[in-house]
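J.: only the shape, not the letters, is given here:
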């Protein structure tokens, strides 16, 4: 099926109803940026003025939403309605559909499209949460591209707590990518404990992706929903954001990575405001809450043991040899290559997950080594990779403190330095970010399992 047919099929059968209504929007735009907003103040209207000086026409799709049930329901509803009122007052609507959509022009290059998902009768089911809010905005971007009102197929998914750089309006994408992750940094607010918690979370994110990249996983990418650049046709192929209250970014990228690599983009980072939050059951806000609650966050925080990533690398290296050796015994190969109890536990996890059967099926459906690896990694996907690592965490190498990780021979190579203060932590996080970027660069310069190959199959 051609890309245009895939997109049309998705829009006709699976897109949210707001998408079709948005095609009546007048004018054309160069780039769409999707911004879900729940319980946000009107400061968001100034945050995105960084895009005012762009020489391209930018459409900010503001999905102002309130779940049908939440702990601070009345406050959230009133605050979100006040945001919409302020938008209409400062920038009167130049178009509306007399229902749930209105266009507000800030300048010749910047406009807001307000999507009303907060008024009575339009609120979102709580169980669908931010996933549905992102889906509505991204479906609108897809529909506008299909209707010729958006000039390019790539659009951005971000959040109301993000300050975008001016270059976001024109950053270029690769046609070979399944999606892109945009560079970002957290701007921490509040007391020292909150700032330290935010930086520890930054370290965790980069360390985890470093581990996946050094292991050779095709799912080595950050999963942060506010930092994504998506392609309309690819997005349609995987049927858009899942309707989930959390983890929607992880599951979308996991599916997109099976089409083509989810690759990082360089450039000026987005600035994400790190804040204490209970908006979602897991993710940045809850993670910072948990870290703040530790007696001594820097000393007490525990991370996945690097031996878990080493075991993953043994698994993925082992798979690459199985095709030529005509054997399906991946657990046995891992147990032999990773001596001791860790090898035994890794082999047991693979056996219980059905690895032998998966390898056999991959071999039956493959005409060459590359196809074999594609079939295997379609089975051993991002979720199974995460389950494998968590299994080793719980039953294998486990976890270790940050100070122990910094001197572990299997950990990332970072400048030797103590990490006891906020300033020292900042140095460590900066080094970890550089190590992650370097690992990803090496990773994507090598053989690709999905998408365009970089070496013959």
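T.: Good, I have the coordinates. Keep in mind the model is a prediction, meaning the values are calculated, not measured.
J.: how far out from the middle of the chain is the host helix or strand of residue 131?
T.: Residue 131 belongs to helix 129-146 when elements are defined using DSSP states H and E. Computed by C-alpha atoms, centre = their mean, to the nearest Å, the chain-centroid distance of helix 129-146 equals 16 Å.
J.: kindly report the same for stretch 34-43.
T.: Taking mean C-alpha positions (C-alpha atoms, centre = their mean), stretch 34-43 and its chain are 19 Å apart.
J.: give the buried residues for it.
T.: 34, 35, 36, 37, 38, 39, 40, 42 (16 or more other C-beta atoms under 10 Å). Placement of C-beta: from N, CA and C, glycine included.
J.: ok, residue 419 touching residue 405?
T.: No: counting by C-beta atoms under 8 Å, residue 419 sits too far from residue 405 to count as a contact (9.5 Å).
J.: which one's more surrounded, those two?
T.: Neighbours per residue (other C-beta atoms under 10 Å) separate residue 419 from residue 405, with residue 405 holding more: 24 against 20.
J.: how near is the spatially closest residue to the more buried one that is not a sequence neighbour to residue 428?
T.: Distance criterion C-beta to C-beta, 6 or more residues apart in numbering; nearest residue to residue 405, sequence neighbours excluded, is residue 411 at 4.9 Å. Residue 411 is 12 Å from residue 428, where distance means C-beta to C-beta, to the nearest Å.
J.: also residue 115?
T.: Residue 115 is 41 Å from residue 428, by C-beta to C-beta.
J.: pick out whichever of those two has more residues nearby.
T.: Set side by side, residue 115 and residue 428 show more neighbours around residue 115, with 28 against 22, by other C-beta under 10 Å.
J.: give me the pLDDT value at that one.
T.: Note on residue 115: pLDDT of 98.
J.: and it, which of the three is it?
T.: Secondary structure, DSSP: H, G, I helix; E, B strand; the rest coil: residue 115 is strand.
J.: contacting residues around it?
T.: By C-beta atoms under 8 Å, 6 or more residues apart in numbering, the contact list for residue 115 reads 18, 61, 62, 63, 64, 100, 101, 136, 137, 140.
J.: now swap in residue 144 and tell me
T.: Counted by C-beta under 8 Å, 6+ apart, residue 144 has contacts 22, 23, 25, 29, 32, 59, 150.
J.: same list (the residues you listed) but as JSON lines, adding distance to residue 170, neighbour count and secondary structure.
T.: Converted to JSON lines, the contacts of residue 144 look like this (distance: C-beta to C-beta, whole Å; neighbours: other C-beta atoms under 10 Å; DSSP: H, G, I helix; E, B strand; the rest coil):
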{"residue": "22", "distance to residue 170": "23", "neighbour count": "27", "secondary structure": "helix"}
{"residue": "23", "distance to residue 170": "24", "neighbour count": "14", "secondary structure": "coil"}
{"residue": "25", "distance to residue 170": "21", "neighbour count": "23", "secondary structure": "coil"}
{"residue": "29", "distance to residue 170": "13", "neighbour count": "24", "secondary structure": "strand"}
{"residue": "32", "distance to residue 170": "13", "neighbour count": "26", "secondary structure": "strand"}
{"residue": "59", "distance to residue 170": "14", "neighbour count": "26", "secondary structure": "strand"}
{"residue": "150", "distance to residue 170": "14", "neighbour count": "24", "secondary structure": "strand"}
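J.: would you list every one of the strands in the chain?
T.: Along the chain, counting by DSSP state E, strands occupy 31-37, 58-65, 93-96, 101-105, 110-117, 154-157, 162-163, 179-181, 184-188, 228-231, 262-264, 270-274, 302-304, 399-401.
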